[in-house]
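**Q** fold the following for me, if possible:
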Amino acid sequence: MTNQHYEAIIIGAGQAGGPFSTTLAQAGWKTALIEKEHVGGTCVNEGCTPTKTMVASARIAHLARRAADYGVQAGPISVDMTKVRQRKRDIVNKFRNGGQRHIERTEGVDLLFGEARFTGQKTVEVHLNNGEIRTLTADHIFINTGGRPVNPPVEGLDQVPTLNSTSIMELDTVPEHLLVLGGGYIGLEFGQMFHRFGSKVTVIQRGERLLAREDADVAGEVAQILREEGLEVLLNTNPVLAAQRNGQIELMVKTPEGQRTLTGSHLLVAAGRAPNTDRLNLEAAGVEMDKHGFIKVNERLETNVPGIYALGDVKGGPAFTHISYDDFRILRTNLLHGGNATTTNRLVPYTVFIDPQLGRVGLTEEEARAQGRPFCITKLPMANVARAIEVDETRGFMKAIVDAETDQILGAAILGLEGGEIMTVLQMAMMGRVPYTTIRDGVFAHPTLAESLNNLFMALDNQERKTCHYPNR
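**A** Below is the predicted model of the structure:
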């Protein structure tokens, strides 16, 4: 059993690799699935599942403190981080174990726990966790090894105790003062979460705005919401030096007003991720990577080596669970059903689980301008949404980008109560090429959040309220 040939080898049991292994096996392919640590990948073990369970706990603490606003007397609020952590662990274990049992019960899949490295173009050496070494060959190899957090190049950062997006979820006490290095999706979710648990929080962002990929008005509104909630948000702030003194972490930063030293009990580094390709020995297979170590693929997810594919975060691009799963569906369509599915022009929806949520799909205003499209913008404050007023959750706004010539929805940003769910309604309209006028005139149940889409698009009938951009005029 030390040398074995398979029809397919999948490296990594993430949100693409796991379901792909069972799908291939059920189609008659003899398949080896190699996983270094846990079935389920980042999503189940360190990403979506655990973080959103903790976001839910933090939101309960936040609402409990606001109980008097609703006429409810709740008394003093405290957070037991050991119970928050155990709830998170229980849900992760349930999801992980369920996924692993499904794979193990599927005939035709060999689930091997260990680390894989290429020794040839279609040859993989597996160092199993039990000490055994196996050499596997296959006609098709699929790489789904994901990514990991990395530290930015800040002097002294490697010499001080830091937290990342995985280790911070294992804390059993609430940090006194959490410094968050990075104002992206991960940093903001954890920053707001731990502020609601009871920490003082300072977010340090190098750029001029939070959430650098978003429009300036969206990023600005997010910053305002967080500041109003009590977080300190520092923009245009570059970390220069990290040190530890008297049990505290000191972070020297350069701000527009000059140099400043921040002192905190804990430091979360949420300033980037790197692909897990450095130990795969891809050079032995001849697989090309970019300068950051991401695997290069074409629109059908195939590398420069025929028969070797990459799925999920390891290939770069949008690092979302649903994109990884769609990668699996593309390969299933092409390899098992003779289709011609590609990544070309696929919509990339996502939700940032701050509170209120930010749901995003399609083009931003800035992207539409860069493409030279004729478009109109419509916005609606959540303070004008009946359902939001009724539940006293009126922060944020809805924003949509509409093609000025075809009435098609090009993109949307919904920063508000259940923003991800409202965004999905617009995504479905985009998928079905439903013009905004159909949503404007649609009959929605009252009082729901989706009903407010009527009003959002009615603004486009008002010449004084709409803003349009015509590049050729």
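
**Q** what about Glu132, neighbour count?
**A** 12 (other CB atoms under 10 Å). (Each C-beta comes from the backbone N, C-alpha and C, glycine too.)

**Q** how far away is it from Gly108?
**A** Distance, Glu132 to Gly108, using CB to CB, to the nearest Å: 21 Å.

**Q** so Gly272 touches Val154, yeah?
**A** No: with contacts counted by CB atoms under 8 Å, Gly272 stays clear of Val154, the gap being 11.6 Å.

**Q** so between those two, which is more surrounded?
**A** Higher neighbour count among Gly272 and Val154: Val154, with 19 against 15, using other CB under 10 Å.

**Q** need the contact list for the more buried one.
**A** Leu181, Pro239, Val240, Leu241, Ala242 (CB atoms under 8 Å, 6 or more residues apart in numbering).

**Q** check contacts around the first one.
**A** Neighbour list for Leu181: Pro152, Val154, Gly187, Ile204, Pro239, Leu251, Leu267, Leu268, Val269, Ala270, Ala271 [criterion: CB under 8 Å, 6+ apart].

**Q** which one of those is nearest Arg101?
**A** Ala270 (32.7 Å; CB to CB).

**Q** how near is the closest one to Gly120?
**A** Going from Ala270 to Gly120 by CB to CB gives 38 Å.

**Q** who's more crowded, the two?
**A** Per other CB under 10 Å, whichever of Ala270 and Gly120 has more neighbours is Ala270, with 23 against 13.

**Q** hmm, Leu179 and the more buried one touching each other?
**A** No: with contact defined as CB under 8 Å, Ala270 does not count as touching Leu179 (10.6 Å).

**Q** flag the shaky bits of the stretch 151-300 of the chain, pLDDT-wise.
**A** For the stretch 151-300 of the chain, no stretch has pLDDT under 70.

**Q** quick one: pLDDT of the spatially most central residue of the chain?
**A** With distances taken as CA atoms, centre = their mean, Phe320 lies nearest the centre of the chain, 4.8 Å away. With respect to pLDDT, Phe320 has a value of 94.

**Q** which ones are touching it?
**A** By CB under 8 Å, 6+ apart, the neighbours of Phe320 are Val348, Tyr350.

**Q** distance of it relative to Leu347?
**A** Taking CB to CB, one finds Phe320 at 12 Å from Leu347.

**Q** so Met193 sits in a helix?
**A** Yes: the assignment for Met193 by DSSP: H, G, I helix; E, B strand; the rest coil puts it in a helix.

**Q** next, count neighbours for Gln100.
**A** 18.

**Q** ah, wrong one, I meant Lys296
**A** 14.

**Q** pretty sure it contacts Asp290?
**A** Yes: applying CB under 8 Å, one finds Lys296 in contact with Asp290, separated by 6.0 Å.

**Q** which element is Lys254 on?
**A** If you go by DSSP states H and E, Lys254 is part of strand 248-255.

**Q** Provide the strand pairings for that strand, with the direction of each partner.
**A** Sheet pairing of strand 248-255 (DSSP bridges) gives strand 238-245 (antiparallel), strand 258-264 (antiparallel).

**Q** circling back to that earlier point, most neighbours, which of the contacts of Val154?
**A** Leu181 (28 neighbours).

**Q** can you list the low-confidence ranges for the stretch 351-473 of the chain?
**A** The model of the stretch 351-473 of the chain has pLDDT under 70 over residues 464-465, 473.
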